[in-house]
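> show me how the following folds:
(4 chains)
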Number of protein chains: 2
Amino acid sequence: MALNDYNKEDKVLLALDCIIFGFDHEGLKILLIKRDFEPERGKWSLIGGFLKEEETLDQAAIRVLHRLTGLDNIFMEQLYTFSKIDRDPVERTLSVAYYALIDIASHDEKLIQKFSAKWFSLKELPNLIFDHDQMLEKAIARLRRRARSKPIGFELLPEKFTMPQLQKLYESILDEKLDKRNFISRVNALKILIKLDQKDMQVSKKGAYLYRFDEKKYHQKVLEGFSFKI
Amino acid sequence: MALNDYNKEDKVLLALDCIIFGFDHEGLKILLIKRDFEPERGKWSLIGGFLKEEETLDQAAIRVLHRLTGLDNIFMEQLYTFSKIDRDPVERTLSVAYYALIDIASHDEKLIQKFSAKWFSLKELPNLIFDHDQMLEKAIARLRRRARSKPIGFELLPEKFTMPQLQKLYESILDEKLDKRNFISRVNALKILIKLDQKDMQVSKKGAYLYRFDEKKYHQKVLEGFSFKI
DNA sequence: TCAAAAGTGTTCACCGTACACCCATGG
DNA sequence: CCATGGGTGTACGGTGAACACTTTTGA
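Model prediction:
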């Protein structure tokens, strides 16, 4: 064979699905949309669309997310490419899953609703179409691994947050209770938090000190990684 | 929009590239082939081919690897999907990278040669086509992370091997010298090795005890994972 | 006899873990 | 005054890290 004939090769549809994790006072959630087209119209689905010829996967993920939820400026990471033959009943379609972490409160809830997107607690998920449950499973596994090896939170929490909030975030992700004294001392050992002179009085009578991330040190730690034994 | 028209969506070429890591007495290597078609004919390349409509990515990876190297029964894992617009100069092509670990000595070297594939030490790589260097970089990063969190070696070493060999494997992967006393005690702590009553006399005058993996316990540890601090 | 690789233990510092009580406040 | 959530410290055991000498035997 002298020249590989690209024209003889099969072309396929390539879709993208975005798994958006969010966090609020109730816990860890993911964002779903109600499909408004067949097949499976009316069912809940990850935020998906098709790749266009002139864009990269990263660009497509951003575009799809924006078109279906109004969300913008979200950093997504590629997760895995799913290729089961009949995963889409209409036509052979592969799908590249992306995932991202965001703070629910600091994004426009109304905007999200306008697009008939909705946050679902991980404990109360509706049935998802196609292989979206597998995608979600892989995303959760990745998020857990990540939570144990890099700091997480900057993306999921508001700018100012309390220790109990941060702990709750980790508990939601890892799905286990943590000891607060150990949690705090381990977090402090990372030296990525700045304690503010302000308290959040929303939740308790005593109030809880607010913290924010030292962005520079935080990103340093993300690069380095660590082992967060919990 | 009532029905999403699948026919209006763009289709793309989807390629696969296999990154095969091997290990022998000289160290860690990867398998490359000399491309026999344009573009870039005669250059060294990862083992690649196109996805066919009726197969999954995993199946395609197996097929491509077999056709180009004769290798069979290799467990490959999906790594990442690359989608830069001009990564292939002929036509828009995305590529899904797969990687695997194998023991060089226990696969037929002649067979591999017949296909004009060749093992290259990581230290002496030729220039690779397209974005194959980025693929390799990602694969090495994954391999290193893996080496620190799961046992590695079953795939890369012959059935019987010595401690110095195992240590050398880790040193090649991590690209750093390790202390042999610490290395041995950490490996022993995993309890996945069986010490045999045989010595390998090939390398040293004194000879080194041969070991083999306790397959069951090994795979148990692979599932569990661990933190292998080196 | 010597060169080259294999084999073997101990000490120390740090970190992860378990664990219980007081504080501040609004109702 | 009490219920609720927030905040704090210590002791112990285990593990990672540093470190040097003896053994074997073919050349």
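> can you show me the CA trace of stretch A:223-230 as CSV?
Only the C-alpha atoms of stretch A:223-230 are listed here, as CSV (Å, rounded to 0.1, in the frame of the first residue of the first chain):
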residue,chain,number,x,y,z
LEU,A,223,0.2,21.1,40.0
GLU,A,224,2.2,19.3,42.7
GLY,A,225,-0.5,17.1,43.9
PHE,A,226,-0.4,15.5,47.3
SER,A,227,-1.7,12.5,49.2
PHE,A,228,-4.8,13.5,51.2
LYS,A,229,-5.4,10.5,53.4
ILE,A,230,-8.8,10.6,54.9
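> how close does A:K180 sit to B:L94?
46 Å (Cβ to Cβ, to the nearest Å). To be clear about C-beta, it is placed using only N, CA and C from the backbone, and glycine gets the same treatment.
> gap between A:R186 and A:F213?
16 Å.
> the two: which has the busier surroundings?
A:F213 (20 against 16; other Cβ atoms under 10 Å in any protein chain shown).
> in chain A, what helix or strand scores lowest on average pLDDT?
helix A:109-114 (a mean of 76; mean pLDDT, DSSP states H and E).
> what about A:P164, how many residues close to it?
16.
> quick one: residues contacting it.
Counting by Cβ atoms under 8 Å, 6 or more residues apart in numbering or on different chains, A:P164 makes contact with A:180, A:203, A:208.
> and A:F228, what does it touch?
A:147-149, A:151, A:186.
> part of a strand, is it?
No - read with DSSP: H, G, I helix; E, B strand; the rest coil, A:F228 is coil and lies in no strand.
> which parts of chain A are helices?
A:57-69, A:109-114, A:132-149, A:163-174, A:180-190, A:215-224 (DSSP state H).
> and the ones you listed as CSV, adding distance to DNA strand D?
Listed next are these as CSV, based on distance: least, Cβ to the nearest atom of the strand, whole Å:
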stretch, distance to DNA strand D
helix A:57-69, 31
helix A:109-114, 23
helix A:132-149, 15
helix A:163-174, 3
helix A:180-190, 3
helix A:215-224, 14
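> correct me, but A:Y209 touches A:I194?
No - here A:Y209 does not reach A:I194: they are 10.7 Å apart, not a contact under Cβ atoms under 8 Å.
> quick one: buried residues of the lengthiest strand in chain A?
Longest strand in chain A by number of residues (criterion: DSSP state E): strand A:11-24. Of all the residues in strand A:11-24, those buried under the rule 16 or more other Cβ atoms under 10 Å in any protein chain shown are A:11-24.
> with stretch A:216-230 instead?
So for stretch A:216-230, counting by 16+ other Cβ under 10 Å, buried means A:218, A:221-222, A:228.
> report pLDDT for the spatially closest residue to A:S121 that is not a sequence neighbour.
Excluding the flanking residues, the one nearest A:S121 by Cβ to Cβ, 6 or more residues apart in numbering or on different chains is A:K29, at 5.3 Å. Note on A:K29: pLDDT of 96.
> verify the stated contact: A:K29 with A:A117.
No - assessed by Cβ under 8 Å, A:K29 is found out of contact with A:A117, at 11.4 Å.
> which of the buried residues of stretch A:216-230 lies closest to chain B?
For the buried residues of stretch A:216-230, the closest approach to chain B (Cβ to the nearest Cβ) belongs to A:F228, at 10.5 Å.
> start and end of stretch A:69-85, how far apart?
End-to-end distance of stretch A:69-85 (Cα to Cα, to the nearest Å): 29 Å.
> can you list the domains in chain A?
For chain A, automatic domain parsing gives the domain ranges A:3-149, A:152-224.
> so, in contact with DNA strand C or not, the longest one?
No - applying Cβ under 7 Å from any atom of the strand, one finds that domain A:3-149 is not in contact with DNA strand C, the shortest distance being 10.6 Å.
> same question for the shortest one.
Yes - contact between domain A:152-224 and DNA strand C, assessed by Cβ under 7 Å from any atom of the strand, occurs at A:179-182, A:185-186, A:189, A:201, A:205-207.
> need these in a markdown table with pLDDT and distance to A:D5, can you?
A markdown table is the format used below for the residues of domain A:152-224 next to DNA strand C (pLDDT from 0 to 100; distance: Cβ to Cβ, whole Å):
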| residue | pLDDT | distance to A:D5 |
| --- | --- | --- |
| A:D179 | 96 | 63 |
| A:K180 | 96 | 64 |
| A:R181 | 96 | 67 |
| A:N182 | 96 | 62 |
| A:S185 | 94 | 63 |
| A:R186 | 93 | 58 |
| A:A189 | 91 | 59 |
| A:M201 | 95 | 70 |
| A:K205 | 95 | 74 |
| A:K206 | 96 | 73 |
| A:G207 | 96 | 71 |
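> which members of those are the farthest-apart pair?
Greatest spatial distance among these (Cβ to Cβ): A:A189 and A:K205, at 29.4 Å.
> distance of A:T81 relative to A:K180?
In terms of Cβ to Cβ, A:T81 sits 40 Å off from A:K180.
> between the two, which is the more surrounded one?
Higher neighbour count among A:T81 and A:K180: A:T81, with 20 against 11, using other Cβ under 10 Å.
> residue of chain A with the smallest distance to DNA strand C?
A:K205 (3.3 Å; Cβ to the nearest atom of the strand).
> number of nearby residues for that residue?
Per other Cβ under 10 Å, the neighbour tally for A:K205 reads 5.
> residue contacts, it?
Taking Cβ under 8 Å, 6+ apart as the definition, A:K205 has no contacts.
> can you give me phi and psi for it?
phi -70, psi -40 (degrees, to the nearest 10).
> distance of it from DNA strand D?
5 Å (Cβ to the nearest atom of the strand, to the nearest Å).
> okay, and the beta partners of the closest residue to A:L136 other than its chain neighbours?
What sits nearest to A:L136 in space, not counting adjacent residues and going by Cβ to Cβ, 6+ apart, is A:I19, at 6.1 Å. Bridge pairing for A:I19 (DSSP bridges) gives the partners A:Y99.
> thinking again about what came up before, among the contacts of A:F228, which two are most distant?
It's A:S149 and A:R186 that sit farthest apart of these, by Cβ to Cβ, at 13.4 Å.
> A:G225 touches A:K150, doesn't it?
Yes - taking Cβ under 8 Å as the definition, A:G225 is a contact partner of A:K150 at 5.3 Å.
> give the contact list for the closest residue to A:G27 other than its chain neighbours.
Distances taken as Cβ to Cβ, 6+ apart put A:S172 closest to A:G27, at 4.5 Å, once the chain neighbours are dropped. Residues in contact with A:S172, defined by Cβ under 8 Å, 6+ apart, are A:23, A:27-28, A:122.
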